[in-house]
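> quick check, what structure comes out for this input:
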Amino acid sequence: MKIKLLIALTTVFLFVMPNSNFGQTINLGSTADFVLFSSVGAVGNTGISQLTGNVGTNSGSSTGFGNVNGVMHSSDGATATCNTDLLTAYDQLNSVISNLSHAPLLGNGETLIKGIYGIAGNSTIDLVLTLDAQNDPNAVFIFQVGGTLSTNTNSSVRLINGAKASNVFWKVEGLVSMATGTSMKGTVIAHNAAITLGSGTTLEGRALAIAGAINVTHVLAYTPIISGSPLLTGPAAPVLGTTKNYALFTAKGAMTNTGISMIKGDVGSNLGLTNGFNALNVTGNIHAIADDNTARCAADLLTAYTALNAIPNDIELLFPALMGHNLVLTPHTYLLNGSTELTDSLYLNAQGNADAVFVIQITGAFATGTHAKVLLINGAQAKNVYWKVDGAVSITDYAIICGTIICNNGAVLLGTGATVYGNVLTTNGDFSTAAVKINYSTDVINAIASLEVDNKIDALSITPNPFRSFATIKLADGSKTNNYKLKIYNIMGELVLNTPVTESSTTLETSNLQSGIYFYQVIENNKTIQSGKLISQQ
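Got it, this is the predicted structure:
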């Protein structure tokens, strides 16, 4: 009788044990901060990749990376800790008992609910794999792959009904290879094997290798925000004093304008003449000669510069000459240790915190390319963005800049058609403008922020993303043809495409869309049911 009872209890225990693990997320420790990491192996990049999170290796080299919104680590204390935490996370994933088995092929339009899925050998993701949390914000998806894991071109993992990338885990006992245009979700841990991310891959999660190299090519990869993680606020903002009243100011030098410039804020110099500004186009005071107000501004400007200069940086962007190129920054203090050139677009992502502060410290001159842009997304505000520049500032024709620029001992040039949502100040240097717009309002820039909202449903997919000459629209439900309208906007919030979705699969010609980031909306019955971000790489 005792033996029968023991067997019965053991059977019950084994039956319920998967559920005891079921729903419990994995403790990543310090690995949560890394978007790419190898315990033993080189980590390399080809092309311009957009990475948010730390990158490193505990034994190997890191090569080919441009500016990373995170810290590059190589065989240091952080990588040693990450190595230990990665092994712990792997052991957790390896020890949980799967309660669901799955065939080697994943995707092909299937939908999976939370669970621990065991796949005996090599596995492939094809077309679309949907993970459905069934409105459970704590739903955990674990895939234990007994061999390699590969993805086919333009395949995707999609999350619906509250599923989170931070709760998706892939434990792989072999090579991980993601093909061109893959959209992947979750933390991928390769055990004693390499990881490759092909061109145009998007990864919301992490790629972590135990004894294997990691190679990525032209990818977008970012760590997901973990539930309960502290909100990024950035550093404390400096006190601007009276300088906040000035749109354009130099403490020492001539202030000269040509053409029709539209200014909101005061204009002036504390030591030099101010010429060429039309009072009808300036909403503020034009200080033609120095006065008590400009003297106070000069003093406050020096105080503000000193405060900005003293803020310790937590992320260094290692390639100042390659600033921009669709780089996305989050609230931190960034150092660029050299002359800096902004090309294409730079995105400042407040992650929903309207009070988040961004400080960019440039040790050298700062210049922009023609039509370069700084864009604010997810609640970022120009009043919370600060640029400290130790050198001359040249904002070239038709560039758009957001934030307060404080230049130390350098001349300032604002080219024809340049727009600054904020103010530009220098402690010492001549200041010239040509038909510019200086405005505290960021309505135009923030117009795009409303387009980048959390998806309500996954009505359709757009692949590849990033795209080049074409993109394919595929409906999740083929019966919904003629129900949806697709709208695509450029970074200025301008509508560039407005088309009904009349087929279950439609290929769009996109070669006419310039390189950059776009935002899309899916409309049904005059309501936005899905939205997201697209990247054109022409």
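
> right, and residue 475 touches residue 505 too?
Yes - with contact defined as Cβ atoms under 8 Å, residue 475 counts as touching residue 505 (7.4 Å). Every C-beta, even on glycine, is put in place using the N, C-alpha and C of the backbone.

> which one of the two is surrounded by more residues?
Neighbour totals were compared for residue 475 and residue 505, and residue 475 leads with 19 against 13 (other Cβ atoms under 10 Å).

> report the central residue of this structure.
Most central in the chain under Cα atoms, centre = their mean is residue 328, positioned 4.0 Å from the mean C-alpha point.

> what packs against the strand or helix carrying that one?
With elements taken from DSSP states H and E, the one containing residue 328 is strand 327-329. In terms of contacts (3 or more Cβ pairs under 8 Å, 6 or more residues apart in numbering; DSSP states H and E), strand 327-329 is packed against strand 50-52, strand 345-349.

> from residue 316, how far off is the residue nearest to the centre of the chain?
To residue 316, residue 328 is 17 Å away according to Cβ to Cβ, to the nearest Å.

> likewise residue 123?
Distance of residue 123 to residue 316, computed by Cβ to Cβ: 39 Å.

> off-centre distance for stretch 374-382?
Between the centre of stretch 374-382 and the centre of its host chain there is 12 Å, according to Cα atoms, centre = their mean, to the nearest Å.

> run through the helices of the stretch 201-350 of the chain in chain order.
Applying DSSP state H, counting those that start in this stretch to the stretch 201-350 of the chain gives helices spanning 292-310.

> what about it, any weak spots by pLDDT?
The stretch 201-350 of the chain contains residues with pLDDT under 70 at 227-229.

> re the thing from before, for the residue nearest to the residue nearest to the centre of the chain when sequence neighbours are not counted, list each beta-bridge partner.
The spatial neighbour of residue 328 that comes closest, neighbours along the chain excluded (Cβ to Cβ, 6 or more residues apart in numbering), is residue 347 at 4.4 Å. Per DSSP bridges, residues listed as beta-bridge partners of residue 347: residue 328, residue 375.

> can you list the domains in the chain?
Domain assignment for the chain by automatic domain parsing gives 21-222, 241-446, 449-536.

> now distance to residue 230 too, for those domains, in JSON lines please.
Rendered in JSON lines, the data for those read as follows (distance: least, Cβ to Cβ, whole Å):
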{"stretch": "domain 21-222", "distance to residue 230": "12"}
{"stretch": "domain 241-446", "distance to residue 230": "11"}
{"stretch": "domain 449-536", "distance to residue 230": "20"}
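
> where among those domains is the average confidence lowest?
Between these, the one with the least mean pLDDT is domain 449-536; it has a mean of 78.

> now it, how far from the chain's geometric center?
If you compare the mean C-alpha spot of domain 449-536 with that of the full chain, they lie 19 Å apart, counting by Cα atoms, centre = their mean.

> what of stretch 136-147?
Distance of stretch 136-147 from its chain centroid, counting by Cα atoms, centre = their mean, is 25 Å.

> which residues sit against that stretch?
If you take Cβ atoms under 8 Å, 6 or more residues apart in numbering as the criterion, stretch 136-147 is touched by 22-26, 93-94, 96, 98, 102, 106, 112-123, 131, 133, 162-164, 167-174, 186, 227.

> redo that, cut-off 7 Å
Counting contacts by Cβ atoms under 7 Å, 6 or more residues apart in numbering, the residues outside stretch 136-147 that touch it are 23-25, 93, 96, 98, 114-123, 131, 133, 162-163, 167-174.

> right, and the residue nearest to residue 328 touches residue 377 too?
Yes - with contact defined as Cβ atoms under 7 Å, residue 347 and residue 377 form a contacting pair (5.6 Å).

> and residue 123 and residue 316? which has more neighbours close in?
In this view residue 123 and residue 316 are compared by other Cβ under 10 Å, and residue 123 has more residues nearby, 24 against 16.

> picking that back up, show me what contacts the residue nearest to the centre of the chain?
By Cβ under 7 Å, 6+ apart, the residues touching residue 328 are 50, 52, 69, 347, 349.

> can you rerun that using 10 Å?
With contacts defined as Cβ atoms under 10 Å, 6 or more residues apart in numbering, residue 328 is in contact with 50-52, 69, 220, 222, 345-349, 375, 377-378, 517, 533.

> repeat for residue 220
Residues 49-52, 183, 197, 200-204, 326, 328, 465-466, 517, 533, 535 are the ones in contact with residue 220 under the rule Cβ under 10 Å, 6+ apart.

> which among these end up buried?
Buried members of the contacts of residue 220, scored by 16 or more other Cβ atoms under 10 Å, are 49-52, 183, 197, 200-204, 326, 328, 465-466, 517, 533, 535.

> ok, back up a step: quick one: the residue nearest to residue 328 from residue 479, how far?
Computed with Cβ to Cβ, the distance linking residue 347 and residue 479 is 37 Å.

> likewise residue 160?
Going from residue 160 to residue 479 by Cβ to Cβ gives 17 Å.

> same check, this time on residue 59
53 Å.

> and the two? Which one has more around it.
When residue 59 and residue 479 are compared for neighbours, residue 59 comes out ahead with 15 against 8, by other Cβ under 10 Å.

> secondary structure element for the nearest residue to that one once chain neighbours are set aside?
Taking Cβ to Cβ, 6+ apart, and ignoring the residues beside it in sequence, residue 59 has residue 40 as its nearest neighbour in space, at 4.5 Å. Assignment of secondary structure by DSSP H and E places residue 40 within no helix or strand.

> contacts only, for residue 291.
Taking Cβ under 10 Å, 6+ apart as the test, what residue 291 contacts is 268, 270, 285, 297.

> in CSV: those, plus distance to residue 336 and neighbour count.
Formatted as CSV, those follow (distance: Cβ to Cβ, whole Å; neighbours: other Cβ atoms under 10 Å):
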residue, distance to residue 336, neighbour count
268, 29, 28
270, 28, 23
285, 34, 16
297, 27, 28
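
> please narrow those to those residing in strands.
residue 268 (DSSP state E).

> just the contacts of residue 291 now: which is nearest residue 244?
Of all the contacts of residue 291, residue 297 has the smallest distance to residue 244: 9.5 Å, by Cβ to Cβ.

> what about that closest one, distance to residue 426?
Following Cβ to Cβ, the distance that separates residue 297 from residue 426 is 12 Å.

> spit out the residues that contact the two alike.
Contacts common to residue 297 and residue 426, judged by Cβ under 10 Å, 6+ apart, are 249-251, 269.

> what about the residues you listed, which are in strands?
Of these, the ones assigned to strands by DSSP E are 249-250, 269.

> how long is stretch 179-198 end to end?
Its first and final residues considered, stretch 179-198 spans 5 Å by Cα to Cα, to the nearest Å.

> return the set of buried residues in that stretch.
Neighbour counts over stretch 179-198 (16+ other Cβ under 10 Å) mark 179-191, 193-198 as buried.

> now the helices for the stretch 51-200 of the chain?
77-95.

> ok, now how distant is the closest residue to residue 338 other than its chain neighbours from residue 305?
What sits nearest to residue 338 in space, not counting adjacent residues and going by Cβ to Cβ, 6+ apart, is residue 320, at 4.4 Å. Using Cβ to Cβ, we find residue 320 at a distance of 19 Å from residue 305.
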